[in-house]
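Trainee: Have a look; sequence and predicted model below, questions after that.
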Amino acid sequence: MILGGRVRFTAAGRALRHRNFRLFFFGQLISVTGTWMQTLALGWLIGTLVGWDQAVVYIGLLGAVQFMPVLVLGLFGGIIADVWPKRMTVIGTQTAAGLLALSLGGLDYLHVIAVWHVFVLAFLLGLVNAVDMPSRQSFVVEMVGRDDVANAIALNSAVFNSARIVGPAIAGILIGVLGTALCFVLNGLSYGAVVIGLLAMRDSELRPADRLAMPRSLTAIRANLGEGLRYVWHTPVVLLVIAVIGFVSTFGMNFNVVLPVMAANVLKVGANEYGILFASMGAGALIAALAVATLERPRLRVLIGGGMVLGVAELVLASTTSYPVALAAVFFCGVGAIATAASANSLVQITVPGPLRGRVMSVYTTLSVGSTPIGNGLTGGVGGLWGTPVALVLNGAVVLAAEAVAAVAVLRGYVRLGGGRGDGSAKPARAASTRVAGVFKGWGGTATLLYTYLEVNFSPPADGPAELDPQPPPAPLWRGDGTQGPWLEGQFPDAAKRYV
C-alpha cells in the first residue's frame with residue numbers, strides 16, 4: 001500500500017520533472033495565494049464601503065466590470081497569444097497586474113479609496129486578463145509537452161486551490177487585525193514570484209508552437225479569428241467541453257458574489273469565519289485537483305460528474321442557515337468546480353494543435369471567464385431582489401440541467417474523446433458537431449447563434465476556399481503532429497502559409 005501510494009504520488013507530480021514548469025509552479029503558488037487574499041479582501045472592502053444590504057449587487061457589478069473585457073476582447077487576446085512569444089507576453093501581463101494591485105493597496109492604505117476606484121482598477125485588470133489568460137494557459141504545453149500537459153493543468157489547479165485554503169485564512173486574520181490594504185499590497189508583490197520564475201526559464205527547454213504571422217489588416221484578423229472558431233465548431237469534443245464550461249462558469253462559479261453576503265446576512269458570521277468558508281472550498285478543490293492529476297488522461301465523465309456535484313452542493317448551500325452545513329456544502333462546491341474546470345482545460349489542450357492553441361484557448365477563456373459579467377450580474381441581481389439563497393437555487397439548477405444535457409450527448413454517442421494528440425475526434429466532425437449543437441439548441445439557441453455568427457462574419461473570402469463541405473470529412477481534422485489533415489488541407493489550403 002505504501003508503495004502504491006508512492007507510485008500514485010509520482011504519477012500526480014510527473015510534470016514537475018520539467019525545470020521550467022517547476023519555476024512556473026512555485027511562482028504561481030506564491031502569486032495565487034496573494035490573489036485569493038485580494039479576492040476575500042475585495043468582497044469585504046465593498047461591503048464596508050456600500051453596506052452589506054447592497055453589497056451583493058455591487059459585488060456582482062464589480063465582477064461584470066472586471067470580466068467584461070475578457071468577454072469582449074478575449075478572442076483578440078487569443079490572436080496575440082498565437083503571434084507573440086508567450087513567455088514574454090506573460091511577463092508583461094503579470095507585471096501589469098501586480099502594479100494594479102499595488103495601486104489598489106495604496107489607495108486603501110491612504111484611506112482615499114472610493115467605489116469608483118475599485119471599479120476602474122477592476123476594468124483595467126480585465127484588459128490585462130484578456131491577453132494573459134489565453135497566453136498563460138496555452139504556455140503550459142510549451143513547458144511540459146503534450147504527454148504531461150493534462151498533469152500540469154491538474155497541478156496548476158492544485159496550486160490554485162492550495163492557495164484558496166491558505167490565502168483566505170491569512171486574509172481573514174489580516175483584515176481583522178490590520179484591515180484590507182495589506183492584502184492588496186501583498187498580492188501586488190506576489191506577482192514578482194511569477195515574473196522571476198519566467199525570467200529564469202531556459203529557452204532551450206521550451207517547446208514553442210509555430211507562431212502566427214502578425215495580421216496586417218482587418219480582413220486578416222477576421223480570418224484568423226474565424227479559423228479558431230471554425231475549429232471549435234467542427235471538433236465535437238471541444239464544442240461540447242466549451243459549451244459545458246460556459247454554462248458551469250456562468251451559473252455555477254459565482255462564489256465571490258454569494259459568499260460574502262451569505263456569510264454576513266444568512267450565516268451571521270464575521271471575517272474569520274468567512275475566510276474559513278473559502279478555505280473549506282479550497283480544501284475540496286485541492287483534493288479534486290490532486291485526484292484529477294493522478295489520471296493518465298482527462299475523462300468526459302469527470303467533467304460531467306464534477307458539474308453535477310457542484311449543482312447539488314449549491315442547492316444544499318441555498319437551503320441552510322447552519323455554518324457547519326455550509327462548510328460541508330462549499331467543500332463539495334470546490335470538489336465539483338475544479339473537477340469540471342481541470343478536466344475541461346485538459347480536454348481542450350490535448351485536442352487542439354499548436355498553431356491554433358492560443359485562439360481556441362481564447363474561446364475557452366471567453367466563455368469560462370468572460371461569461372462572468374453575465375453570471376455575476378445575474379446572480380447579484382437575483383440575490384438583491386429575492387435573496388442569496390434564491391440565486392444559489394437558480395445557479396445550481398441550471399448547472400445540473402447543463403450537465404444532464406452533456407451526459408445525453410455523450411451517452412448517445414455524439415461525442416467521444418480522440419487520441420489526445422491533437423487530432424480531435426475521429427468521428428465525422430461536421431455531423432457530430434451539428435448533433436452536439438442540436439442537443440444544446442434548447443438553451444436559448446446558444447450553439448445555433450455561434451454557428452450563424454461564424455457563417456456570417458468569418459466565411460472564406462470569395463477568391464478563397466468554397467463553403468465548408470457539408471459531407472463528413474474522410475479523416476481527422478488534424479494530424480498528431482499538429483499539421484492539417486486531408487480534409488482541412490482541402491478547406492484551408494493557404495492556412496499553412498500564415499505561420500512562421
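Mentor: Yep, it's here. Numbering: from 1, shown residues only.
Trainee: Considering only helices and strands, which part of this protein has the lowest mean pLDDT?
Mentor: For the chain, using mean pLDDT, DSSP states H and E, the weakest element among its helices and strands is helix 446-457, scoring a mean of 37.
Trainee: how about the helices in the stretch 251-400 of the chain?
Mentor: Here the stretch 251-400 of the chain has its helices, by DSSP state H, counting those that start in this stretch, at 255-261, 271-293, 300-318, 323-351, 357-368, 372-386, 388-411.
Trainee: Quick one: mean pLDDT over the first one.
Mentor: Helix 255-261 shows a mean pLDDT of 74.
Trainee: other SSEs contacting it?
Mentor: helix 19-50, helix 52-83, helix 271-293, helix 323-351, helix 372-386, helix 388-411 (3 or more CB pairs under 8 Å, 6 or more residues apart in numbering; DSSP states H and E). The C-beta positions use only the backbone N, C-alpha and C, and glycine is treated the same way.
Trainee: Rebuild the ones you listed as CSV, extending it with distance to residue 200 and mean pLDDT.
Mentor: Output for the helices and strands packed on helix 255-261, formatted as CSV (distance: least, CB to CB, whole Å; pLDDT from 0 to 100):
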stretch, distance to residue 200, mean pLDDT
helix 19-50, 5, 89
helix 52-83, 22, 79
helix 271-293, 24, 81
helix 323-351, 24, 87
helix 372-386, 32, 77
helix 388-411, 40, 88
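Trainee: Let's have those helices in a markdown table, adding mean neighbour count.
Mentor: What follows is the helices and strands packed on helix 255-261, written out as a markdown table (neighbours: other CB atoms under 10 Å):
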| stretch | mean neighbour count |
| --- | --- |
| helix 19-50 | 22 |
| helix 52-83 | 23 |
| helix 271-293 | 23 |
| helix 323-351 | 24 |
| helix 372-386 | 21 |
| helix 388-411 | 20 |
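Trainee: Tell me which of those helices lies nearest to residue 190.
Mentor: helix 19-50 (3.1 Å; CB to CB).
Trainee: Report the distance from that closest one to the chain centre.
Mentor: 15 Å (CA atoms, centre = their mean, to the nearest Å).
Trainee: again, but for stretch 53-63
Mentor: So, by CA atoms, centre = their mean, the centroid of stretch 53-63 is 22 Å from its chain's centroid.
Trainee: repeat for stretch 254-274
Mentor: 24 Å.
Trainee: Could you measure from residue 219 over to residue 74?
Mentor: For residue 219, the distance to residue 74 (CB to CB, to the nearest Å) stands at 21 Å.
Trainee: ok, now residue 233?
Mentor: 17 Å.
Trainee: Residue 199 against residue 91, yeah?
Mentor: Yes. Residue 199 lies in contact with residue 91 (CB atoms under 8 Å); the separation is 6.9 Å.
Trainee: which of those two has more neighbours?
Mentor: Neighbour count, other CB atoms under 10 Å: between residue 199 and residue 91, residue 91 has more, with 17 against 11.
Trainee: Which strands and helices lie in contact with the one helix or strand the more buried one maps to?
Mentor: Here residue 91, judged by DSSP states H and E, is contained in helix 86-109. Using 3+ CB pairs under 8 Å, 6+ apart as the contact test, the elements touching helix 86-109 are helix 19-50, helix 115-144, helix 181-199.
Trainee: hmm, try it at 6 Å
Mentor: helix 115-144, helix 181-199 (3 or more CB pairs under 6 Å, 6 or more residues apart in numbering; DSSP states H and E).
Trainee: hey, least reliable of the ones you listed by pLDDT?
Mentor: helix 115-144 (a mean of 89).
Trainee: Sort out which residues of it are buried, please.
Mentor: 118-119, 121-122, 124-144 (16 or more other CB atoms under 10 Å).
Trainee: Distance of residue 352 relative to residue 278?
Mentor: Distance from residue 352 to residue 278, by CB to CB: 32 Å.
Trainee: Residue 66 too?
Mentor: Taken as CB to CB, the span from residue 66 to residue 278 is 18 Å.
Trainee: Repeat that for residue 160.
Mentor: In terms of CB to CB, residue 160 sits 12 Å off from residue 278.
Trainee: and what of residue 72?
Mentor: 29 Å.
Trainee: What of residue 171?
Mentor: Residue 171 is 8 Å from residue 278, by CB to CB.
Trainee: Please enumerate the shared neighbours of those two.
Mentor: Residues touching both residue 171 and residue 278 (CB atoms under 6 Å, 6 or more residues apart in numbering): residue 40.
Trainee: which residues are in contact with the helix holding residue 91?
Mentor: Against helix 86-109 from outside (CB under 6 Å, 6+ apart): 113, 117, 121, 124-125, 128, 131-132, 135-136, 139, 180-181, 184-185, 187-188, 191, 194-195, 198.
Trainee: Quick one: mean pLDDT over that helix.
Mentor: 94.
Trainee: Just the buried residues of it, please?
Mentor: 86-87, 89-91, 93-94, 96-98, 100-105, 107-109.
Trainee: about what we covered before: so which of the helices and strands packed on helix 255-261 comes closest to residue 241?
Mentor: Going by CB to CB, the one of the helices and strands packed on helix 255-261 nearest residue 241 is helix 323-351, 4.9 Å.
Trainee: Which strands or helices does the closest one pack on?
Mentor: helix 146-178, helix 236-252, helix 271-293, helix 300-318.
Trainee: Next, the angle helix 388-411 makes with the last one.
Mentor: Pointing back at helix 300-318 there. Comparing the axes of helix 300-318 and helix 388-411 via axes from the mean of the first three to the mean of the last three CA atoms, to 10 degrees yields an angle of 160 degrees.
Trainee: what's the answer for the third one, then?
Mentor: Using the same axes, to 10 degrees, the inter-axis angle of helix 271-293 relative to helix 388-411 is 0 degrees.
Trainee: Check which helices and strands helix 271-293 is in contact with.
Mentor: Right, helix 271-293 is packed against helix 146-178, helix 323-351 by 3+ CB pairs under 6 Å, 6+ apart.
Trainee: Reformat those helices as TSV; add distance to residue 380.
Mentor: Below are the helices and strands packed on helix 271-293 laid out as TSV (distance: least, CB to CB, whole Å):
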stretch	distance to residue 380
helix 146-178	21
helix 323-351	18
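Trainee: How many residues are close by residue 200?
Mentor: Residue 200 has 12 neighbours, counted by other CB under 10 Å.
Trainee: So it versus residue 87, what's the distance?
Mentor: 11 Å.
Trainee: SS state for residue 112?
Mentor: State at residue 112, reduced to three classes by DSSP: H, G, I helix; E, B strand; the rest coil: coil.
Trainee: I'd like to know how many residues surround it.
Mentor: Count around residue 112 with other CB under 10 Å applied: 9.
Trainee: picking up where we left off before, of all the helices and strands packed on helix 86-109, which lies closest to residue 337?
Mentor: So among the helices and strands packed on helix 86-109, helix 115-144 is nearest, using CB to CB, at 16.9 Å.
Trainee: The closest one to helix 323-351, inter-axis angle?
Mentor: Using the same axes, to 10 degrees, helix 115-144 lies at 50 degrees relative to helix 323-351.
Trainee: which helices and strands sit right next to helix 115-144?
Mentor: helix 19-50, helix 52-83, helix 86-109, helix 146-178, helix 357-368.
Trainee: can you rerun that using 8 Å?
Mentor: helix 19-50, helix 52-83, helix 86-109, helix 146-178, helix 323-351, helix 357-368.
Trainee: need the contact list for residue 307.
Mentor: The contact partners of residue 307, by CB atoms under 8 Å, 6 or more residues apart in numbering, come to 244, 248, 252, 336, 340, 399-400, 402-403, 406.
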